[in-house]
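**Student:** Need coordinates for the below:
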Amino acid sequence: MMPWIEALVVLLCTITAISPLRGGIDLSPDSVNFVVAAQNLMEHGHFFVYTNWPSHSILPEVEPFTDFPPGYSLYLIPFLAWFREPYLASAWAHATTILAFFGALSFLFHGLRWHVLLRMAGYLTVTVFTTYPVLYAHYWTEPLFIACTLAVGGCMIRTFRSHDRRPWYWAAAFAFLASTLKIIGVFNLAWFAIPLLRTHHGRTQRAVLAVAACTAPVLIWFARNLLTYGTVSHSHLMGAPDLNDTLLRPIVFLLHDLFRISGPLWPSYLVLLVAVTCFVLPLRRMTGPAIARIATVHGMLLLATCVHLGGIWLLSLVTFFSILDDRLLSPSITLGMIAILNGIHLLSLGQRWWVRTILLLMPFLFLGLSRHTTRLSSPFQMRTFHVPPEAAAWEDIQASGMVDRASHFYSDRDFRHQLYARIPQRILWDTTNVGDEQRIRELLRTGDHPFFVMHEASDELKALEAGLAGSSIELERTIHPEAGLVVYTMPPSTHRQQ
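**Tutor:** Next up, the predicted model:
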């Protein structure tokens, strides 16, 4: 009976995770750059994007694609080739990654030989805990990266227990894929450390395989960027990180967000204490030397969690990227969740039935009390997939011939424009660029026949119209009401006079 219940839980959780995509997928700036890089590789044979990020350059030039490994863009190409429409292709590709994530989760859970209630708790956590609905809604690398990371762990747990060599090669393949998706894929070396210490045959060859699988994609990508553009990354090295925001960020996130169960903060410390107890107490209860206790499956889980969390934390201190949040910490959160559940599994073994029951129900109690749990809409709710109205607006702009004449256009901070414009998009990061007549004229003299495309409520449009109001510049104004876009173009007779 229990296997059928578990199968039903997995099915419902997977449907719940994927169902919002039937209404569309959210495209953040990172998401759009993944998609545009894939489009450009298909059309032009190399990676680049059209937005002026991170350079902020106003010159009508394309932008190098260096700031993310290419794996997720490469993954999208078959979907783009099939569906043609980038928004639809992204939704289908992302739905497939969510399926892969649940599949990898099930593979690892069964390898850990947990009680069915703990497996159900794991599936429920990755469905309702806020970290995961955020990931599922966006075209981001994290679900597929975590799936590959969990697959590495599942393979290494199996080879750890059976001494079979075949899972080594599967683990190396998944580690290689993970490193094509995110630079932090190199941290998956942690999965191989303990099995390498325990093996006696072919240790050198296996070590070389593990190191190559985890690091080769990153090294190749960095070398490509360095040789082609003179730097391994344009955005991650652009400034000094602020230690006031980064030094204690993981601890603040744990207490104020992840483990928060009430208005007052002090219960978060109790939850943290319980989590740490489940994390490390199983090792204390084991017999034998400390190294032997660490060289276990639970030790592998602890090591992988600590390396991923410590690694991303250290990177946040020395490089420049977004503050650590649900998205960037999601691999560490997932591994930590699995390690805690495995700790509960080990602590429950040999206990009286009522103690075992309390331990097994603890994850469900936490999800019920946590402020980080999301109330999800029904997966069977009717949803209609709509391509963004900006797509239709850009069809009209393309039909007008405006794009054919122009070297570039100026816009607000909506990266999605480049999906459909297919020419350099110069985002007006500094609205003072359109704050007076002289600066507007300078923008109009740059390149060939540039134009402005902005959303009606954007600050950039307000600044542009304020600058035009006190000037003698004459621009033609066109509104695309369904998309909420306003387009300003130069009249044909004034192209060269501006």
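**Student:** mind listing what's buried in stretch 149-164?
**Tutor:** By 16 or more other CB atoms under 10 Å, the buried positions in stretch 149-164 come out as 149-160. C-betas here are computed from N, CA, C, even on glycine.
**Student:** which residues are contacting it?
**Tutor:** Contacts with stretch 149-164, where a contact means CB atoms under 8 Å, 6 or more residues apart in numbering, come from 101, 104-105, 107-108, 111-112, 165-168, 170-171, 174-175, 178, 185, 188, 191-192, 194-195, 198-199, 297, 300-301, 304, 308, 331, 334-335, 338.
**Student:** Try it again at 6 Å.
**Tutor:** 104-105, 107-108, 111, 167-168, 170-171, 174-175, 178, 188, 191, 195, 297, 331 (CB atoms under 6 Å, 6 or more residues apart in numbering).
**Student:** try stretch 178-197
**Tutor:** With CB under 6 Å, 6+ apart, stretch 178-197 has contacts from 69, 71-72, 141, 145, 148-149, 152-153, 156, 160, 175, 207, 210, 214-215, 217-218, 295, 299-300, 303-304, 307-308, 311-312.
**Student:** Need the residues that contact the helix or strand bottoming out on mean pLDDT in the chain.
**Tutor:** Ranked by mean pLDDT, DSSP states H and E, the weakest helix or strand in the chain is helix 243-246, scoring a mean of 79. By CB under 6 Å, 6+ apart, the residues outside helix 243-246 that reach it are 316-317, 323.
**Student:** Return the entry from the residues you listed with the maximum number of neighbours.
**Tutor:** In terms of neighbour count, residue 316 stands highest of those at 22 neighbours, by other CB atoms under 10 Å.
**Student:** To which secondary structure element is that residue assigned?
**Tutor:** helix 297-318 (DSSP states H and E).
**Student:** Following element in sequence after that helix, please.
**Tutor:** helix 326-348.
**Student:** tell me the angle that following helix makes with helix 297-318.
**Tutor:** Angle between the axes of helix 326-348 and helix 297-318 is 160 degrees (criterion: axes from the mean of the first three to the mean of the last three CA atoms, to 10 degrees).
**Student:** elements contacting helix 326-348?
**Tutor:** For helix 326-348, the packing partners by 3 or more CB pairs under 6 Å, 6 or more residues apart in numbering; DSSP states H and E come out as helix 116-128, helix 131-137, helix 142-162, helix 266-285, helix 297-318, helix 353-369.
**Student:** Just send those back as TSV, with mean pLDDT too.
**Tutor:** Output for the helices and strands packed on helix 326-348, formatted as TSV (pLDDT from 0 to 100):
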stretch	mean pLDDT
helix 116-128	96
helix 131-137	96
helix 142-162	94
helix 266-285	94
helix 297-318	95
helix 353-369	95
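**Student:** Please identify the deepest-packed of these.
**Tutor:** Comparing the helices and strands packed on helix 326-348 by mean neighbour count (mean count of other CB atoms under 10 Å), helix 142-162 ranks first with a mean of 24.
**Student:** Off-centre distance for it?
**Tutor:** 19 Å (CA atoms, centre = their mean, to the nearest Å).
**Student:** Same question for stretch 68-85.
**Tutor:** That offset, for stretch 68-85, works out to 15 Å (CA atoms, centre = their mean).
**Student:** Out of the helices and strands packed on helix 326-348, which gets nearest to residue 468?
**Tutor:** Shortest distance between residue 468 and the helices and strands packed on helix 326-348, using CB to CB, is found for helix 131-137: 37.1 Å.
**Student:** Check the offset of that closest one from the chain's centre.
**Tutor:** With CA atoms, centre = their mean, you get 9 Å for helix 131-137.
**Student:** So, low pLDDT: which residues of the chain?
**Tutor:** Low-confidence segments of the chain (pLDDT under 70): 1-2, 237-241, 493-498.
**Student:** Now do the strands in it.
**Tutor:** 48-49, 63-64, 409-411, 425-427, 451-455, 476-480, 485-489 (DSSP state E).
**Student:** quick one, which of these is packed in tightest?
**Tutor:** Highest mean neighbour count among these (mean count of other CB under 10 Å): strand 409-411, a mean of 26.
**Student:** what's it packed up against?
**Tutor:** Taking 3+ CB pairs under 6 Å, 6+ apart as the contact cut, strand 409-411 packs with strand 425-427, strand 451-455.
**Student:** what about 10 Å?
**Tutor:** helix 417-421, strand 425-427, helix 437-445, strand 451-455, helix 459-469, strand 485-489 (3 or more CB pairs under 10 Å, 6 or more residues apart in numbering; DSSP states H and E).
**Student:** For those, give me a markdown table that also has distance to residue 242.
**Tutor:** Listed next are the helices and strands packed on strand 409-411 as a markdown table, based on distance: least, CB to CB, whole Å:
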| stretch | distance to residue 242 |
| --- | --- |
| helix 417-421 | 30 |
| strand 425-427 | 23 |
| helix 437-445 | 30 |
| strand 451-455 | 30 |
| helix 459-469 | 24 |
| strand 485-489 | 36 |
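**Student:** Let me have the buried residues of stretch 149-164 in a markdown table, adding distance to residue 258 as columns.
**Tutor:** Output for the buried residues of stretch 149-164, formatted as a markdown table (distance: CB to CB, whole Å):
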| residue | distance to residue 258 |
| --- | --- |
| 149 | 19 |
| 150 | 19 |
| 151 | 24 |
| 152 | 24 |
| 153 | 21 |
| 154 | 24 |
| 155 | 28 |
| 156 | 26 |
| 157 | 25 |
| 158 | 30 |
| 159 | 32 |
| 160 | 29 |
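**Student:** Could you dump the strands of the chain into TSV with distance to residue 76 added?
**Tutor:** Formatted as TSV, these follow (distance: least, CB to CB, whole Å):
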stretch	distance to residue 76
strand 48-49	14
strand 63-64	18
strand 409-411	23
strand 425-427	20
strand 451-455	25
strand 476-480	27
strand 485-489	26
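**Student:** Out of those strands, which is closest to residue 131?
**Tutor:** Nearest to residue 131, of all the strands of the chain, is strand 48-49, at 27.5 Å by CB to CB.
**Student:** Cool, thanks, talk later.
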